[in-house]
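1. Just need the structure, nothing else, for what follows:
(one chain, ligands or ions: 1)
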Amino acid sequence: MFPNPSRPLVSAPAETAVLALLLAEGPLSRVELARRTGLSSTAVTKAAKPLIEDGYLFELPPERTAPGAGRPVNPLAVSPDREFFVGVKISADTLYGAVCDLRAQVRTTAGRPLGDRGPEAVCALLAELVTELLAADPAYRPRTRHLGIAVSGDVDRPAGRVRYSVLPGWRDVPFADMAAAATGLTVTLENDVKALTAAEHWFGEGIGTEYFALVTIGAGIGSGLVVNGRPIAGAHGVAGELGHIGVDPNGPRCHCGSVGCVEAIASTDAVLGAIRRASDRPDLDFAAAVRAARAGDRIARDAFARAGRAIGVGIANLVNLIGPERVVVTGEGLDTYDLLDTHILHSYAAHCFGAAQCPLILRPLPWEEWARGAAVVGIQALLP
Ligand SMILES: [Zn+2]
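-> Below is the predicted model:
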């Protein structure tokens, strides 16, 4: 099915540029591709030829751009079914899986609840899940070679290792190699927020942006950053740690060892802890805390307000540093956004520097979108 599996699909920068643009934006003429990539028309034609021969691109029927505009053009388009990609998001209690096509459309989803959360057990369950996903359509197996895995924590993508995750026993785990051996696929391992950012940048709210950020709120607070059109990994694989920006030197201690981090004030656990302590109700659960806040309970409302202010300052700091065109805000924390929104927006506006203030776009993303993010990391692995 693959003409030469050992050869990278895309071997030249011009091919990368052409395929990446068509993947993100859909059909374009060669003239438009040349204009957008800065390549000559000859270079675009040369770059497209092997991609057409391998079935990744095809020519749409000719269209005349305008009456009397001369020779009709055949726009180039991606064949979405040419190759499929599996993505798996490892959450604290569930594996979420998806099969996506070349244009990152979700074709099939499946999940597995996690029992034993150690690396070996998770790897075995992940292999079962991948088998189930690829069995859903006879076209999948022969046209799938990439698996993207997204996990929270400190992930060394080039080395394929999870250096640290909140999952028990996950310290410096060579999980990409383990998953490759268990599934027979080429595996790319990425931090989950960075994977989601890549998906939004290529196929969502971030399409076409040079400067873009995605912020997640909820059990953890994180962000993914795009600068000069490329996701930022940082020199050490750690960048965009919005949750650990200090916003209150007198604030609570964070699990990272610092004090007053956004996450220490605004994560789900931090908000619940603050309400429990202030109301002297150590058994209160988060759902009850949310109900109390919505019913007007002063202590509960104050804790959410403080969380909202911390998130707003954190996002303003991020925006002041990289100047994104827009920021997508997502994560399970959006479920309680009604308790946070005015506080986030006020403190965000108050701390932004001048023209840096950009729109915040709320985007509730279900779990399948996180699996899709993992698959997009696999698609990116096609492009050097
Ligand atoms: Zn911290």
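
2. now the end-to-end length of stretch 110-130.
-> In stretch 110-130, first residue to last residue: 9 Å (Cα to Cα, to the nearest Å).

3. same question, stretch 245-254
-> One end of stretch 245-254 to the other measures 11 Å (Cα to Cα).

4. The residue in the stretch 101-250 of the chain positioned nearest to the ion: what's its closest spatial neighbour, skipping adjacent residues?
-> Nearest residue of the stretch 101-250 of the chain to the ion (Cβ to the ion) works out as residue 244 at 3.7 Å. Using the backbone N, CA and C atoms, a C-beta is placed for each residue, glycine as well. Leaving aside its sequence neighbours, residue 244 sits nearest to residue 261 (Cβ to Cβ, 6 or more residues apart in numbering; 4.7 Å).

5. Write out the residues of the chain neighbouring the ion.
-> For the chain, the residues in contact with the ion (Cβ under 5 Å from the ion) are 244, 254, 256, 258, 261.

6. roughly how far apart are the last one and residue 255?
-> Look at residue 261 and residue 255: by Cβ to Cβ, to the nearest Å, they are 9 Å apart.

7. Doesn't residue 147 lie inside a strand?
-> Yes - assigned with DSSP: H, G, I helix; E, B strand; the rest coil, residue 147 falls within a strand.

8. quick one: contacts for it?
-> The contact partners of residue 147, by Cβ atoms under 8 Å, 6 or more residues apart in numbering, come to 85-88, 130, 179-180, 183, 185-188, 378.

9. That one: what's its closest spatial neighbour, skipping adjacent residues?
-> Nearest residue to residue 147 in three dimensions, chain neighbours excluded: residue 185, at 4.1 Å (Cβ to Cβ, 6+ apart).

10. Now do the same contact list for that neighbour.
-> Applying Cβ under 8 Å, 6+ apart, we find residue 185 in contact with 86, 130, 144-147, 179.

11. coming back round to it: give the buried subset of the residues of the chain next to the ion as a PyMOL selection command.
-> Listed next is the PyMOL selection for buried residues among those, using 16 or more other Cβ atoms under 10 Å:
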select buried, resi 244+254+261
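
12. and which of the residues of the chain next to the ion is nearest to residue 320?
-> Residue 320 has its nearest neighbour among the residues of the chain next to the ion in residue 244, at 16.8 Å by Cβ to Cβ.

13. what's the distance between the closest one and residue 278?
-> According to Cβ to Cβ, residue 244 stands 24 Å off from residue 278.

14. again, but for residue 245
-> The gap separating residue 245 from residue 278 is 24 Å, by Cβ to Cβ.

15. The two: which has the busier surroundings?
-> Neighbour count, other Cβ atoms under 10 Å: between residue 245 and residue 278, residue 245 has more, with 20 against 13.

16. ok, and the closest non-adjacent residue to the more buried one?
-> residue 314 (5.0 Å).

17. thinking that neighbour is in contact with residue 246, fair?
-> No - assessed by Cβ atoms under 8 Å, residue 314 is found out of contact with residue 246, at 9.5 Å.

18. still on that earlier bit, which single one of the contacts of residue 185 is nearest to residue 163?
-> Relative to residue 163, the closest of the contacts of residue 185 is residue 179; by Cβ to Cβ it sits at 16.2 Å.

19. Contact partners for the closest one?
-> With Cβ under 8 Å, 6+ apart, residue 179 has these contacts: 123, 126-127, 147, 149, 185, 187, 189.

20. Could you work out the most separated pair of those residues?
-> The most widely separated members of those, counting by Cβ to Cβ, are 127 and 189 (14.8 Å).

21. Quick check, central residue of this structure?
-> The C-alpha lying nearest the average C-alpha coordinate of the chain belongs to residue 196 (Cα atoms, centre = their mean; 0.7 Å).

22. No further questions, thank you.
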